[in-house]
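Peer 1: Curious how this folds, go ahead:
(one chain, ligands or ions: 1)
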Amino acid sequence: MEGGIEREQLLGELRSRVADERVIAAVAAVPRELFIAPALQRFAYVDRPLPIGGGQTISQPSLVAHMCELLELSADDVVLDVGTGSGYHAALLSRLCRHVYGVELDVELAEQAARSLELAGIENVTVVAGDGGAGLPEHAPFDAINVAATATGEVPAPLEEQLAIGGRLIAPVARDGQEQLVLGRRRPGGVERTLLDPVRFVPLR
Ligand code: SAH
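Peer 2: Numbering: from 1, shown residues only. Sure, this is the predicted structure:
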């Protein structure tokens, strides 16, 4: 196995930080090296962000796992992934739900993500090239929405509108010079939002 010892070490660290066993199992099952450039393979199982081309980055595995856990996914859920990038985050999500629709603005990254997902043998992710800020109304509502690029001010309204009642949304939002993860939950009367950890993501364009 690629990076066997480091992979075990990373899983060990995640076990102390992530309570949801299914998320740990997803990290264990998805080969991260398939989603990064050959020159960076030696860092595949180091807990740090890595460049994925086009000036974009893939977050560190512990943050990706944490975000997956916060979405409280069920096997039957349909998930929207905004800013699919390398496809790694979508790959983890795909192990925790029924189907993932990934939207990536950069066409080359979208094509590469689709190839990596295929190589990983993952068949329940559809990657679409386009502006994820508009969501994917044709496949809405979503049980959960994952956003991997920072919106300024607020989570884009179309995303909250495309959440099913009871649906969860996790997104980095920048406000007053502070960048934080926001967890949203759609209730019949509106979206209830909770501010979580400070984070750093690339901007949503
Ligand atoms: N989740 C990715 C990391 C993404 S980095 C992974 O696992 O690799 C953020 C990504 O968001 C970048 O690839 C960037 O091109 C994309 N992005 C930025 N603005 C976007 C938008 N409006 N719609 C869709 N994708 C966007």
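Peer 1: so what secondary structure elements neighbour the longest strand anywhere in the chain?
Peer 2: The residue-count maximum for a strand in the chain (DSSP state E) belongs to strand 163-175. With contacts defined as 3 or more CB pairs under 8 Å, 6 or more residues apart in numbering; DSSP states H and E, strand 163-175 has these neighbours: helix 61-70, strand 142-147, strand 151-152, helix 157-161, strand 178-187. Where you see a C-beta, it was placed from the backbone N, CA and C, and this is true even at glycine.
Peer 1: Make JSON lines from the ones you listed and add distance to the ligand to it.
Peer 2: Shown next, in JSON lines, are those (distance: least, CB to the nearest ligand atom, whole Å):
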{"stretch": "helix 61-70", "distance to the ligand": "7"}
{"stretch": "strand 142-147", "distance to the ligand": "8"}
{"stretch": "strand 151-152", "distance to the ligand": "9"}
{"stretch": "helix 157-161", "distance to the ligand": "11"}
{"stretch": "strand 178-187", "distance to the ligand": "13"}
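Peer 1: Most tightly packed of the ones you listed?
Peer 2: Highest mean neighbour count of the helices and strands packed on strand 163-175: strand 142-147, a mean of 26 (counted as mean count of other CB atoms under 10 Å).
Peer 1: follow-up on the earlier one: can you redo the helices and strands packed on strand 163-175 as TSV with mean pLDDT and distance to residue 112?
Peer 2: Output for those, formatted as TSV (pLDDT from 0 to 100; distance: least, CB to CB, whole Å):
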stretch	mean pLDDT	distance to residue 112
helix 61-70	98	18
strand 142-147	98	19
strand 151-152	97	24
helix 157-161	98	24
strand 178-187	97	26
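Peer 1: Mind putting those into CSV with distance to residue 84?
Peer 2: Below are the helices and strands packed on strand 163-175 laid out as CSV (distance: least, CB to CB, whole Å):
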stretch, distance to residue 84
helix 61-70, 12
strand 142-147, 9
strand 151-152, 16
helix 157-161, 14
strand 178-187, 18
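Peer 1: of all those, which lies closest to residue 81?
Peer 2: strand 142-147 (4.9 Å; CB to CB).
Peer 1: which residues sit against that closest one?
Peer 2: 67-68, 71-74, 76-83, 89, 93, 97, 101, 132, 135, 155, 159, 162-164, 166-172, 204 (CB atoms under 8 Å, 6 or more residues apart in numbering).
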